[in-house]
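[1] Provide a 3D model corresponding to the input given below.
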Amino acid sequence: MSMDPRLARSKPEQQAQPVPVPPPPPPVEAHPDSTKMGLDGTNDTQRPAEAVVPDGEFKLKFCTVCASNQNRSMEAHLRLASAQLPTISFGTGSLVRLPGPSMHEPNVYRFNSTTYSAIHDELRDQNRQLYTANGLLNMLSRNLNIKGYPERFQDWVPGVPRLDHAADKGAQGTEAGVVDVIITCEERCFDAVLDDLHNKGGRLNRPVHVFNVDIKDNHEEALVGGRGILDLALSLNQAAAEERKTHGEAGWETGSGAARAGFDERVPEILAAWQERWPNLPALWSLAWS
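    Coordinates of the predicted model:
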């Protein structure tokens, strides 16, 4: 498998901001106090017992990324956290952008400070009918039950403790501020993550596998993409656990040792097998350092 199929073609010009694709309308607006609400308004958190990694077993640490840390990365964040995998999430845009009354009037917010709850209430007061019909209020109701506010990837410093995120879903295991796997949901986000990791210089000298699972930015596709990302995460986690059981954990954190080498060598095969199961979710992969 080619590590990065994009090298075989010229790189498309990046756009300043994504054009939102209208999602199918959800049935009702979710109450801000509701929990476990899927993007389409259904209770979509129930899954087979085998999709949950029990406490006491080894768990890779995951990070999900999209443009605004609102739709695709948050659906994936919820899926992984519900499977009891340590998870954090980010956006790569300069600002949080959500659809507004027209294509030329987006709603714009700052990362790292504006809460999902505040965004939800503002849009509800602006036009409850519009933002219920396009699914934004339902999406934000889900988000505010996962964590407090959208975060920007470029502002994240690997290795800085995330103790103020103790209430986030998936927070257990992420307290040290390090991850093993980053999964982006759009190619330009994949590029932004790799560029930022390179600019940060890999000060922890810690390997991180970066994947892109290309998902259209609408509610329906985010649900499908979230299931695909969960499948990939569980496959990676199983392989890592097997290698550690066989070879021991020595050298794992620094990317050395037999267990880590065995896992790294298995990643292309894992991705190839996953791609056969999810042919409609084009994927990319690269190894980077945090």
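[2] what does the host helix or strand of residue 198 rub up against?
    Using DSSP states H and E, residue 198 falls within helix 187-200. Residues outside helix 187-200 that contact it (CB atoms under 8 Å, 6 or more residues apart in numbering) are 6, 14-15, 65-67, 92, 153-154, 157-158, 182, 184, 208, 210-212, 214, 284, 286, 288-290. Every residue, glycine included, has its C-beta placed from N, CA and C.
[3] what subset of those is buried?
    Among those, the ones that count as buried by 16 or more other CB atoms under 10 Å are 65-67, 92, 153-154, 158, 182, 184, 208, 210-212, 214, 284, 286, 288-290.
[4] taking these one by one, which sit in strands?
    Among the buried ones among the contacts of helix 187-200, the subset assigned to strands under DSSP state E consists of 65-66, 182, 184, 208, 210-212, 284, 286, 288-289.
[5] widest-spaced pair of the residues you listed?
    The most widely separated members of those are 66 and 289, with 22.5 Å between them, by CB to CB.
[6] where along the chain do the helices fall?
    For the chain, the helices defined by DSSP state H occupy 72-82, 116-133, 136-143, 187-200, 219-247, 258-277.
[7] name the helices or strands packed onto the last one?
    Same thing as helix 258-277. strand 207-213, helix 219-247, strand 283-289 (3 or more CB pairs under 8 Å, 6 or more residues apart in numbering; DSSP states H and E).
[8] looking at these, which is buried most?
    A comparison of those by mean neighbour count, using mean count of other CB atoms under 10 Å, puts strand 207-213 on top with a mean of 22.
[9] in this protein, which segments are predicted with low confidence?
    Applying pLDDT under 70 to the chain flags residues 1-50.
[10] how about residue 208, nearest residue that isn't a chain neighbour?
    Excluding its sequence neighbours, the residue lying closest to residue 208 (CB to CB, 6 or more residues apart in numbering) is residue 290, at 4.9 Å.
[11] an error on my part: the question was meant for residue 235.
    Among residues not flanking residue 235 along the chain, residue 270 sits closest, at 5.1 Å (CB to CB, 6+ apart).
[12] the nearest residue to residue 130 once chain neighbours are set aside: neighbouring residues, count only.
    Once flanking residues are discounted, residue 130 sits nearest to residue 101: 6.9 Å by CB to CB, 6+ apart. Using other CB atoms under 10 Å, residue 101 is surrounded by 12 other residues.
[13] residue 167 versus residue 101, what's the distance?
    Remark: distance between residue 101 and residue 167 (CB to CB, to the nearest Å) = 33 Å.
[14] what's around residue 270, how many residues?
    Residues lying near residue 270 (other CB under 10 Å) number 18.
[15] next, the contact list for it, please.
    232, 235-236, 239.
[16] show me what contacts the residue most central in space within the chain?
    With distances taken as CA atoms, centre = their mean, residue 64 lies nearest the centre of the chain, 1.8 Å away. Going by CB under 8 Å, 6+ apart, residue 64 touches 72-74, 76-77, 80, 87-90, 182-185, 229.
[17] kindly recompute the last result at 10 Å.
    72-81, 87-90, 170, 179, 181-185, 213, 226, 229, 233 (CB atoms under 10 Å, 6 or more residues apart in numbering).
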